[in-house]
Structure formats: structure tokens, C-alpha cells
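Q: Okay, sequence plus prediction incoming.
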Amino acid sequence: MATKHALKTTFDVGRVLRPIFTGGSVSIDNDARILATTISEDVILTEPGSGKHLGSIEGDGENISTLALTPNGSHLIACSRSLSMRIFSLKRSDDGNTIEPILLRTLKPHSTPVVVLAVDRTSTLLATGGTDGTIKVWDIVAGYVTHTFRGPSVLVSALHFFEVAARAADAGRSKGKRGSKGAAEEEEDEAESMTSFRLASGSQDGQVKIWDLNKRSCVATLNSHVSDVQGLDYSPAQNAIVTASRDKTLVWWDTKSWKIRKVVPSLELLEAAGFSDDGQLTWSAGANGSLRVWETDTGREVTPKQPAKSEEEAFVTGIYRPGLPFILLVQVDHTLVLFPVPKKTETGSLAVPEPLRRISGTHDKLSIWHISYPTIH
């Protein structure tokens, strides 16, 4: 007679899978240790490498309009349809398994909803863009406005901080005024004077403006696009800015003359673009649901032609910064797709980019978290 084994009838919960994203804004820190996403009015913090839930931030009763993590992961800024902007300090537990968001302050940054945010590379400055065309720059820690810029009276659709070397003449004049200072102080001031801090803004009418934070004024207006500018990026190695628009064009601009270097029709609504590989390559993503790569110098597409995917697979936004091990793209169906960062090859051509990982924001399909890709620390 066969022996019957007792069946276990009670079980302990090993892990709870919960939704992390139902559309809206997504942000990630430079070390790819914190992924911030939205579920209606709440913010969810997740560890991208494992899918571990790190924490959450309860909403203020209105849906989140946009959010941003600082590159160093120290702060999170969330704006809602209630016109409020909340700044949180993120305190990670000793074991690293949880994050405690600490509310530092609540502000009313604009008289209209804030729809786009940008944080500079030092994690100290925040730019907010409203639906009325107003742009403000904030000190994140102190919580006060440092600059106010007024662009076209239309929605601000993109913002990007960058730094350029100051003109030699300007630097020379500055050096002459510091003859009485000590050597160490002079060197520090000279290094500072050689850098010009700037903010690029794109608008719903296709206009791009370059704001000089030192001079507190607009130093260039770039007119080429005729619809929403969705992608903005700067390459110091190439002395170039790339802009991507829903008018289905990519434009590369020379940052010394502010003239157009190249205009390329993409034949799709573009929602994101940026540089990779020291600016040698430019990537773009949009309505066709494919990651496409272009040679910056020539504007030639180096990825093969890819068929358009379904509407649900169209990309609505994307994130990449130097140092990140992947490009993060977001689909209409709330799936987050991670692609390897494209590198230039000797042949000059690339294969069709294959995703490293797909993350379902709502868990209405199987989520695969543990697929091999560059190590995240």
C-alpha cells in the first residue's frame, strides 16, 4: 500500500507583487538603484535590479502631473494637478531594503499645472515648466526660486540643463578683475568663470530657447520645428544639441553658432531622443515603437528599417544619461523597456536593438526582472 504524504495546507507569503505604474511620469537615479513611477496620485519607489518595493508616497488627492528624481537619488520632486509641488528627501534604511521619503516642503510653483521637470547634474537645481510657458529654476535644498524665464505663452514640453565653456574673451575679462585675489581663490573663481550654466526649453509650438543662468537671459531661439518638442539633449564632445519633435523630425544644432547642422525626417511622431557614445550616436523613440539610432555627424540611420509596432507598443517617453547602463523607454501599455546603450562600430551599422528587460507596470502580464544586463550596483 502506497504511503500517503501529508499535504501542506497553509503557506507563508514569500513575496507580494504589486502594480508600480499606471501611466504618467517615470524617473530613475544615475546609479539605477531607485525607479520612481506613478499610480494615479501616488508615487512608487522600486529597485530596478530586483523589482523590490522600496517605498511609496501618498498623493495629495490629485493625480501626479510630473515627477523627477535627482541624479544622485537624494531627493524626489512630485507635482500634481492641485498645483502643488512637494520636495522629499529620500532616506535609505541601513539594510538598503526600504526608503523613507521625508517631506521637506510643499510649494505652489506656478499658477498653472507643472507638466515637465529637469534636474541639473549636480542635483542642486530644479527647473519647472508650466502650461502657460513660464519656466522657473529652483534651489532644491533651500526651496527658493533662483530664476524666472518667460517663453512663448504655450505649454513647456521639454527642459534640459547643460554646461558650456565660457567664451575666451569673457574669461579673460573676468581674470583681469581678480588680480588682487589669492592664488587658490583665483584658480577656483577662474574655473567657475570658464563654465556657463544653461537651460534648454522646448515648447508646444516647436520653439526651442536657450537660457543662460549666469546672464539670466535668453541667448538663442531655435526655430525649425512646427510641433511639440519632446526630446532635448546636449553633447559637450560634439558641441551640439539634438531636438526631437512630434513634427517627425530630428534636428542637430551647433552650440557655438546656434545654426542647424542637420535636419532628418524620422517619419514618425518622436517622443524622446538623446546622445550616446560621447555624442557620436543619437537615439530616438516614438510612435513606431522602435529604438532607432543615427550617426550624429551625418544624420544617417545606422539601425535597419524596423516595421511599425502596434499602438500599445508605441513609446511615449524615454530616459538616458551618461553613466546609466541602459536606455529606459515607456510604452503606451505602461510597459517599461530597457535597451542597451548603443556604441559606434567599425562597420558603421548596428543590428536591430533588442531589449535587455521588460517590466510590466500593472502586472497584467508576466514581469521578468532577472534578465542579464550590465551590473547595477
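A: That came through, no problem. Numbers count the residues shown, from 1 in each chain.
Q: where exactly do the helices run in this protein?
A: 168-176, 183-193 (DSSP state H).
Q: Show me the least confident stretch of those helices, going by mean pLDDT.
A: Ranked by mean pLDDT, the helices of the chain end with helix 168-176 at the bottom, a mean of 44.
Q: Mark out where each domain of this structure begins and ends.
A: 17-108, 256-377 (automatic domain parsing).
Q: export those domains to a markdown table and tack on distance to residue 134 and mean neighbour count?
A: All C-beta spots, glycine's among them, are computed from the backbone N, C-alpha and C. Formatted as a markdown table, these follow (distance: least, Cβ to Cβ, whole Å; neighbours: other Cβ atoms under 10 Å):
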| stretch | distance to residue 134 | mean neighbour count |
| --- | --- | --- |
| domain 17-108 | 13 | 18 |
| domain 256-377 | 22 | 17 |
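Q: In TSV, list these along with mean pLDDT.
A: Below are the domains of the chain laid out as TSV (pLDDT from 0 to 100):
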stretch	mean pLDDT
domain 17-108	95
domain 256-377	90
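Q: Redo those as TSV? Include distance to residue 131.
A: Below are the domains of the chain laid out as TSV (distance: least, Cβ to Cβ, whole Å):
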stretch	distance to residue 131
domain 17-108	9
domain 256-377	17
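Q: Tell me what residue 359 is bridged to.
A: Under the criterion DSSP bridges, residue 359 forms beta bridges with residue 336.
Q: what about it, distance to residue 117?
A: Between residue 359 and residue 117 the distance is 22 Å, computed by Cβ to Cβ, to the nearest Å.
Q: Same check on residue 203?
A: Distance, residue 203 to residue 117, using Cβ to Cβ: 16 Å.
Q: Neighbours of the closest residue in space to residue 210 that isn't next to it in sequence, how many?
A: Excluding the flanking residues, the one nearest residue 210 by Cβ to Cβ, 6 or more residues apart in numbering is residue 220, at 4.1 Å. Residue 220 has 17 neighbouring residues, counting by other Cβ atoms under 10 Å.
Q: Residue 220 reaches residue 207, doesn't it?
A: No. Using Cβ atoms under 8 Å, residue 220 makes no contact with residue 207, being 11.0 Å away.
Q: shared neighbours of those two, which are they?
A: The contact sets of residue 220 and residue 207 do not overlap (Cβ atoms under 8 Å, 6 or more residues apart in numbering).
Q: Stretch 236-244: end-to-end distance?
A: Using Cα to Cα, to the nearest Å, one end of stretch 236-244 lies 18 Å from the other.
Q: hmm, I was thinking of stretch 109-125
A: 14 Å.
Q: Next, the buried residues of that stretch.
A: For stretch 109-125, a neighbour-count test (16 or more other Cβ atoms under 10 Å) marks 109-110, 113-121, 123-125 as buried.
Q: Farthest-apart pair in those, please.
A: Greatest spatial distance among those (Cβ to Cβ): 113 and 121, at 26.3 Å.
Q: for the stretch 101-250 of the chain, what spans make up the strands?
A: In the stretch 101-250 of the chain, the strands defined using DSSP state E, counting those that start in this stretch lie at 114-119, 125-130, 134-139, 145-150, 156-165, 195-203, 207-212, 217-223, 229-235, 240-245, 249-254.
Q: Name the stretch among the ones you listed that sits most buried.
A: Greatest average neighbour count among the strands of the stretch 101-250 of the chain goes to strand 240-245 (a mean of 26), per mean count of other Cβ atoms under 10 Å.
Q: What strands flank it, and is each parallel or antiparallel?
A: Here strand 240-245 is paired, per DSSP bridges, with strand 229-235 (antiparallel), strand 249-254 (antiparallel).
Q: average pLDDT across it?
A: Strand 240-245 comes out with an average pLDDT of 99.
Q: got it, and stretch 118-135?
A: Mean predicted confidence for stretch 118-135 is 97.
Q: now for that stretch, what's the gap between its first and last residues?
A: This stretch, stretch 118-135, spans 11 Å end to end (Cα to Cα).
Q: got it, and stretch 42-56?
A: For stretch 42-56, the first-to-last residue distance is 7 Å (Cα to Cα).
Q: Ok, stretch 287-297 next?
A: Stretch 287-297: ends 25 Å apart by Cα to Cα.
Q: So what's the gap between it and the chain middle?
A: 17 Å (Cα atoms, centre = their mean, to the nearest Å).
Q: What of stretch 77-95?
A: Going by Cα atoms, centre = their mean, the spacing between the C-alpha centre of stretch 77-95 and its chain's C-alpha centre is 17 Å.
Q: Quick check: end-to-end length of it?
A: 24 Å.
Q: Nearest the geometric middle of this protein, what residue?
A: residue 319 (4.4 Å; Cα atoms, centre = their mean).
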